[in-house]
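Asker: sequence unknown, structure follows:
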């Protein structure tokens, strides 16, 4: 008898877990889809540094496959570097940021132009849908008579 009770409790626990999962799934559905044409944000000076550091670290430590080890070593080296040593990486990051801003400006212009066209179409389709609904309502009323 104890086994059936334990079985009952465990199945109830899984049901609760299932409802929690269901809530999380619906929350994810409400999120807007990412636009694949949108420019990616530029890397910071640290990540520009890490691009070079990873190559150097792999040459020095060919047997080490740990991503965490590379990250820790890179972070430690970045902290010990002076501002003058960081300057080339900061300059590269600034250059990438300027390119990104130009790309985003052109992307936003394209989006604004596309939105105007979509707004015209969507307004038109909304009015057509409303007209169809009105026609259906009037047909339903005639059937009732």
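Answerer: Everything's here; your move. The structure presented is a predicted model; accordingly, all values stated were derived computationally and were not measured.

Asker: contacts and neighbour counts: CA atoms only from here.
Answerer: Noted.

Asker: by contact count, what packs against the helix or strand harbouring residue 77?
Answerer: Assessed by DSSP states H and E, residue 77 sits inside helix 67-80. Other helices and strands packing on helix 67-80, by 3 or more Cα pairs under 8 Å, 6 or more residues apart in numbering; DSSP states H and E, are helix 45-60.

Asker: just checking, what packs against the helix it packs on?
Answerer: helix 67-80, helix 83-144.

Asker: list of residues touching it?
Answerer: 64, 70, 74, 78, 86, 89, 90, 91, 92, 93 (Cα atoms under 8 Å, 6 or more residues apart in numbering).

Asker: buried stuff in that helix?
Answerer: 45, 46, 48, 49, 50, 53, 54, 57 (16 or more other Cα atoms under 10 Å).

Asker: per-residue pLDDT, the second one?
Answerer: Per-residue pLDDT puts residue 46 at 96.

Asker: kindly report the same for the last one.
Answerer: As predicted, residue 57 sits at a pLDDT of 93.

Asker: the fourth one now?
Answerer: Predicted confidence (pLDDT) for residue 49: 96.

Asker: the chain should start at 4 in everything you say after this.
Answerer: New numbering, starting at 4: the last item is residue 52.

Asker: many thanks, we can stop here.
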